[in-house]
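A.B. asks: task: produce atomic coordinates for the following.
(2 chains)
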Amino acid sequence: MEGIYIPTMQEKIAKGETPDILFWVGCSGSFDDRAKKITKAIVRILNHVGANFAVLGVEESCTGDPAKRAGNEFLFQMQAMQNITILNGYDVKKIVTGCPHCFNTIKNEYPELGGKYEVIHHTELVQQLINEGKLKVQGGEFKGKKIVFHDPCYLGRANNVYEAPRDVISKLDAELVEMKRSKANGLCCGAGGAQMFKEAEKGTKEVNVERAEEALSHNPDIIAVGCPFCNTMMTDGVKHFNKEDKTKVLDVAELIATANDL
Amino acid sequence: MISSIIFVAFFIAGTTFFFINAKKIRRNILLGKNISITDNKAERLKTMILVALGQKKMFTRPIPALLHLCLYAAFVITQIELIEIIFDGITGHHRAFRASLGGFYTFMVSFIEILSVLAFVGTVAFLARRNSLKIPRLVKSELNGWPKLDANIILIMEIILICFIFMMNGADEVLYSRGQSHAENLGDASLGLSISSYLGPLIYGSMPTPGLHVIERIGWWGHIIMVFGFLNYLPFSKHLHILLAFPNTYFSNLKVKGQFANLFEVTDVVKPNFDTAYQPVLDPNAVIKFGVKDVTDLTWKNLLDAYSCTECGRCTSACPQNITGKALSPRKIMMDTRDRLEEVGKNIDANGGTFIDDGKTLLGDYIKHEEIWACNTCNACVQECPVNIDPLAIIVGLRQQLVLEQSSAPNELNGMFSNLENNGAPWQFSPADRANWITEN
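C.D. replies: Below you'll find the model as predicted:
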């Protein structure tokens, strides 16, 4: 990324520095071209507020979430303990994740296996930065736009984080519209439970089409998401209805980074 | 005297039969794996009061919640009247508490009558909703046959029970006004019951006194027979939720829904690879089974969940996979678990206390792979359940069995597993490229 220095943990430690925050990028954010844009938006925000952060770089590995949800507990625990060994080796205290699945796994399932950290999702980080006055947000190009927020299951129902993303969006002077199925009653995008990595079972409709249909019924300019997998699913759903010119699917981090010209 | 003897015999038979069957259900539940849930007693009690007694989660759908509340309130409060009925039945008195309780007695019975009318309205509405309006979650295929009949039997029993109450009170009101009631005459013109003092004369006003005595007795006996009939029907019915909702919510999962249990039998094997100081706890020569193949691989809480399910289908109506036409229905997962457990229980009873392998298992014979692999693990079903049942825990247990014991995950998932193992990512990317985004624009 031009103009932005993104240190790895290894580099920081070599310089004798201790980062305050480890940014856990996740597999999607590291490899998927669309999700990399979300990763970069988060980095721009971290850089903008002068956060003392680092990433693991090539030392990062999947948290094991898809393996665990798919029933492969061995693979999950192998991944988890490998990651915990590295995180504990760097004496990591606070982790920000770019993905609700990583967030949930590290926050809730790692402690019992020896990995105890303060873990927040990137929408919570942005909310904190705004509340602390470190980040000022104006509407920018989103002023007056109609935004629908789709709750990621592993942020919302799984961890009861409903307000952080909404709080952040509300700072954009945009019109935040709620779907009928939102917050605790939010409908999954169809990716969770390792469905992302397999064909859907036999049925009458794709889950992401059902969800995109609901979001599009509000005729929004933007469908805001907080998860790279939801992003893929909703983007495909919007394309299914040929609405990609009218409705963009954007992560909350992208909304903030773009609004602030970061 | 004879009626007292008959009543006492009936009472003893009714309660004994119930306890025999309740004990069987307890035995079945305890066939599950032993887990200890003894923490956070105060929070558990609070959850039980809010969710079971207060029906907090019902009110996300206000109309059925209100109708349900009418039935529930009538059910709970009517039990107070039962104290008198049992006392009268044993001692041969008639409305024994009326003279001593005075206005409070009239108030209580009147209140029960109003609740009974509301319950009648609720019951009729529920019958209509189930049989005429055919709302989607109440006509799904897993309800075909016995479950549908079961639901209708309960509702019809409730209507009959309410009719008996008004036969009893209505006839007695007319008798009392004629000075012919067996209740102690307190010199007032009427028993003063809120509904029956009007309904009674309207229906029975022109009937001769001997006939009214017969009707009053039919109402009284009919009422108590229905109550005991109901009690003894519970262990064979989804309606058991009226009792089990309480322990089930008390033993609810209090952790955040995203936290899935880590299998200790896996940790015990994996940990030594990372922590050389760790000493495995489990016997390395013991055969460890992973995941859930049959009901006895589930925990007792999973099995309590299964018996607490009243098949309302809120879980299924919120399930993204069911909404989009897939075979998965969280309600069916719970019903299958209960039905299989019942089958195992009957097997044990028939074979003198030990289970004889019947060649069947929950996985495969009841729940198909197609259902298990459809799940999004989104927790919508868990969120929806008005009595805090967790179908997801069972689904994940079944997946663990398929992956760890039977190696029969869908091919794409096996591909994902091997990518994860080799590349540290679910896709086929080189781990060396993980940080490439840093230098890309």
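A.B. asks: for A:Val96, helix, strand, or coil?
C.D. replies: strand (DSSP: H, G, I helix; E, B strand; the rest coil).
A.B. asks: partners of it in the sheet?
C.D. replies: A:Phe23, A:Ile120 (DSSP bridges).
A.B. asks: let me see the contact set for it.
C.D. replies: A:Ile21, A:Leu22, A:Phe23, A:Trp24, A:Ile42, A:Leu46, A:Phe53, A:Val119, A:Ile120, A:His121, A:His122, A:Leu125 (C-beta atoms under 8 Å, 6 or more residues apart in numbering or on different chains). No exception for glycine: its C-beta is placed from N, CA and C like everyone else's.
A.B. asks: among these, who's most crowded?
C.D. replies: Highest neighbour count within the contacts of A:Val96: A:His122, with 31 neighbours (other C-beta atoms under 10 Å in any protein chain shown).
A.B. asks: quick one: that one and A:Glu254 touch, right?
C.D. replies: No - using C-beta atoms under 8 Å, A:His122 makes no contact with A:Glu254, being 10.6 Å away.
A.B. asks: contacts for the one helix or strand B:Met226 maps to?
C.D. replies: Secondary structure assigned from DSSP states H and E places B:Met226 in helix B:209-233. Where contact means C-beta under 8 Å, 6+ apart, the residues beyond helix B:209-233 that reach it are B:7, B:10-11, B:14-15, B:17-18, B:21, B:82, B:85-86, B:89, B:153-154, B:157, B:160-161, B:164-172, B:174-175, B:178, B:180, B:204, B:207, B:239.
A.B. asks: which element, helix or strand, includes the residue lying closest to A:Pro220 once chain neighbours are set aside?
C.D. replies: Spatial nearest neighbour of A:Pro220, chain neighbours left out: A:Val148 (4.3 Å); criterion: C-beta to C-beta, 6 or more residues apart in numbering or on different chains. Per DSSP H and E, A:Val148 falls inside strand A:146-149.
A.B. asks: mind listing what's buried along the next helix or strand after that strand?
C.D. replies: Next helix or strand after strand A:146-149 toward the C-terminus (DSSP H and E): helix A:163-170. Buried residues in helix A:163-170, counted by 16 or more other C-beta atoms under 10 Å in any protein chain shown: A:Ala164, A:Pro165, A:Arg166, A:Asp167, A:Val168, A:Ile169.
A.B. asks: among the contacts of helix B:209-233, which ones are buried?
C.D. replies: Counted by 16+ other C-beta under 10 Å, the contacts of helix B:209-233 give B:7, B:14, B:18, B:21, B:85, B:89, B:154, B:157, B:160-161, B:164-172, B:174-175, B:204, B:239 as buried.
A.B. asks: can you tell me which of the residues you listed are in strands?
C.D. replies: Of the buried ones among the contacts of helix B:209-233, none are assigned to strands by DSSP state E.
A.B. asks: restrict the buried residues of helix A:163-170 to those near chain B?
C.D. replies: Here nothing survives when the buried residues of helix A:163-170 are matched to chain B using C-beta under 8 Å from any C-beta of the partner chain.
A.B. asks: residues from the stretch 151-262 of chain A in reach of chain B?
C.D. replies: Counting by C-beta under 8 Å from any C-beta, the stretch 151-262 of chain A sits next to chain B at A:153-154, A:157-160, A:184-188, A:190-207, A:209-211.
A.B. asks: inside strands: which ones of those residues?
C.D. replies: Using DSSP E, none of those sit in strands.
A.B. asks: need the three-state assignment for the residue positioned nearest the centre of chain B.
C.D. replies: In chain B, the residue lying closest to the centroid (C-alpha atoms, centre = their mean) is B:His241, at 2.3 Å. On the three-state scheme (three-state DSSP), B:His241 is labelled helix.
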